[in-house]
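[1] quick one, fold the following:
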Amino acid sequence: MYKYFFSIKGIFFSLLFFIIAFPKIPIIPTGMQVSIRAEDLLIAYLWGIIILYAIKGKIKIPRNMIFFWIGLYLLWGLISTTIGYFRGDVTTPLFFLRKIEYISLFFFGYVAIDKENISGFYKLIFISLGIVLFVGFIQYFKIFDKLRITEYFLPYLQFANRRFWQSDLISSTFDGNYDLGGYFILIVPFLLFLTLDRKYTNKSITFLGFFASMIILSFSGARTPTLIVFAMVIFIFIGKMVFNTKKQIFKLFLLFTLLVVIFSLSHKVLLSYFIERGENLLKIFRVGGLSSLSQIDKSAYYRASKWILVWKNFLEYPLFGIGIGGFSEYFVSADGQHIQTLGETGIAGFFLFFSVLYYVIKENLKTGYYLKKLRHNQLNELHKAFLMALSLGILGLLLDGITINIFDSSKVAMCLWAFVGIAAKLNSIYRKEKVIN
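    Numbers count the residues shown, from 1 in each chain. Next comes the predicted model:
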């Protein structure tokens with residue numbers, strides 16, 4: 001038991017499980033938009049353990065290009081934020097520190113994982129997914145309301161999470177339905193790759209997880225993530241159909257038909273929304289262009305107003321940007337990850353952020369391709385599915401990031417960077433074993 005408190009692997013697994021399976025619980029208020037939460041304390045504790053091991057020489061900075069790109073991005077963010085602070089645009093370093101906190105999960109994942117304990121990570125993913133789905137169904141059927149349990153735990157949740165539990169939208173253990181959608185963007189491809197893998201044996205578990213995830217996602221009210229996940233599913237199906245036999249193609253067709261039924265059941269949430277937006281767009285052109293946007297579609301008007309403000313600031317400070325957190329006095333988020341990154345860190349920070357993600361995808365695909373040549377076993381199938389799904393999930397989050405700050409959503413961001421760190425470690429392990437030339 002004593003060793004567990006100094007085990008990087010044990011603390012990291014506990015932290016990741018806590019992030020996914022438990023809602024945000026504020027502990028110390030800061031007087032700002034965010035509070036200090038339980039996972040913040042766990043992250044600080046884990047950093048203390050890692051620094052202690054580093055002083056003792058048990059941990060060394062790996063010679064890996066992904067560390068170079070991430071370090072360069074954080075360095076540029078620090079420079080941008082410092083310049084913005086002295087210019088008066090950035091009033092607090094808290095937003096930059098939050099970004100460092102999210103990315104620190106990458107380092108934890110890389111250090112904690114090795115060949116001996118990687119199977120524990122996959123077990124954690126399945127168990128935590130089960131809890132997310134269980135809570136999601138409880139929320140959808142309002143079981144806690146019927147049992148009068150909700151009123152007892154709501155005061156302990158953050159305001160945003162309380163709001164979703166009191167609505168018809170599904171947020172499960174996440175801080176909103178769009179955050180839950182971001183999580184499913186990362187998880188659903190992994191489940192589907194395993195379900196459709198001919199050599200993976202535990203298909204019943206992954207199929208049930210995939211099927212339940214699609215149901216919860218479809219009824220969550222997260223419109224854009226739902227469409228992105230369905231697009232990724234179609235992409236995976238097309239890829240599998242190209243390389244499969246007629247019998248397997250028939251099974252794929254039946255599964256795809258089932259998904260279409262699920263999708264059609266959520267038409268009130270999704271299709272009516274896009275029909276309404278299409279009608280509003282026609283009205284804008286008929287009435288007189290964008291000047292009529294505020295009267296026809298207020299949501300789109302507010303988003304456009306934010307984007308215009310960010311773009312003007314980018315044109316004023318194109319190289320360094322306004323600094324991370326520089327827009328906090330105007331709005332919580334710009335409702336667009338990419339344009340806010342451009343406005344906060346300038347063109348260089350924007351390029352470095354995408355360079356990190358590009359490098360991750362490239363290395364994952366390279367390792368996934370070589371894993372296909374290895375002797376097939378369950379662990380290799382899991383590795384291959386995880387690396388390929390993470391690459392597809394990153395692309396999905398980039399699409400989602402057009403209209404939402406999904407990379408600044410704490411739970412999604414922490415999961416993403418933890419997964420990226422684990423993937424980087426897997427890539428490094430196979431490179432060292434000279435599997436990759």
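[2] what residues sit buried inside stretch 191-205?
    Residues 191-197, 200 are the ones in stretch 191-205 that count as buried (16 or more other C-beta atoms under 10 Å). The C-beta positions use only the backbone N, C-alpha and C, and glycine is treated the same way.
[3] can you point me to the longest helix in this protein?
    helix 337-371 (DSSP state H).
[4] so what's residue 391 up against?
    Contact analysis of residue 391 by C-beta atoms under 8 Å, 6 or more residues apart in numbering lists 360-361, 364-365, 368.
[5] in the strand or helix carrying it, what counts as buried?
    Using DSSP states H and E, residue 391 falls within helix 378-400. For helix 378-400, a neighbour-count test (16+ other C-beta under 10 Å) marks 380-400 as buried.
[6] beyond it, next helix or strand please.
    helix 410-432.
[7] so what secondary structure elements neighbour that following helix?
    Counting contacts by 3 or more C-beta pairs under 8 Å, 6 or more residues apart in numbering; DSSP states H and E, helix 410-432 packs against helix 8-21, helix 94-112, helix 118-140, helix 177-195, helix 337-371, helix 378-400.
[8] could you give the angle of the second one to helix 337-371?
    Read that as helix 94-112. Interaxial angle, helix 94-112 versus helix 337-371 (axes from the mean of the first three to the mean of the last three C-alpha atoms, to 10 degrees): 10 degrees.
[9] go through stretch 169-189 and flag the buried ones.
    In stretch 169-189, counting by 16+ other C-beta under 10 Å, buried: 169-189.
[10] typo on my end, it should be stretch 87-104
    89-90, 93-96, 98-99, 101-104.
[11] got it, and stretch 6-14?
    Under 16+ other C-beta under 10 Å, the buried positions of stretch 6-14 are 8-9, 11-13.
[12] pretty sure residue 221 sits against residue 169.
    Yes. Assessed by C-beta atoms under 8 Å, residue 221 is found in contact with residue 169 at 4.1 Å.
[13] still on that earlier bit, now the angle between helix 378-400 and the longest helix of the chain, please.
    160 degrees.
[14] mind giving me the packing neighbours of helix 337-371?
    helix 65-87, helix 298-316, helix 378-400, helix 410-432.
[15] and residue 236, which of those helices is closest to it?
    Closest of the helices and strands packed on helix 337-371 to residue 236 is helix 378-400, at 7.6 Å (criterion: C-beta to C-beta).
[16] of the buried residues of stretch 191-205, which one scores lowest on pLDDT?
    In terms of pLDDT, the lowest of the buried residues of stretch 191-205 is residue 200, showing 77.
[17] how about it, secondary structure?
    coil (DSSP: H, G, I helix; E, B strand; the rest coil).
[18] ok, the spatially closest residue to it that is not a sequence neighbour - contacts?
    Nearest residue to residue 200, sequence neighbours excluded (C-beta to C-beta, 6 or more residues apart in numbering): residue 381, at 4.6 Å. Residues in contact with residue 381 (C-beta under 8 Å, 6+ apart) are 194, 197, 199-200.
[19] at 7 Å what do you get?
    197, 199-200 (C-beta atoms under 7 Å, 6 or more residues apart in numbering).
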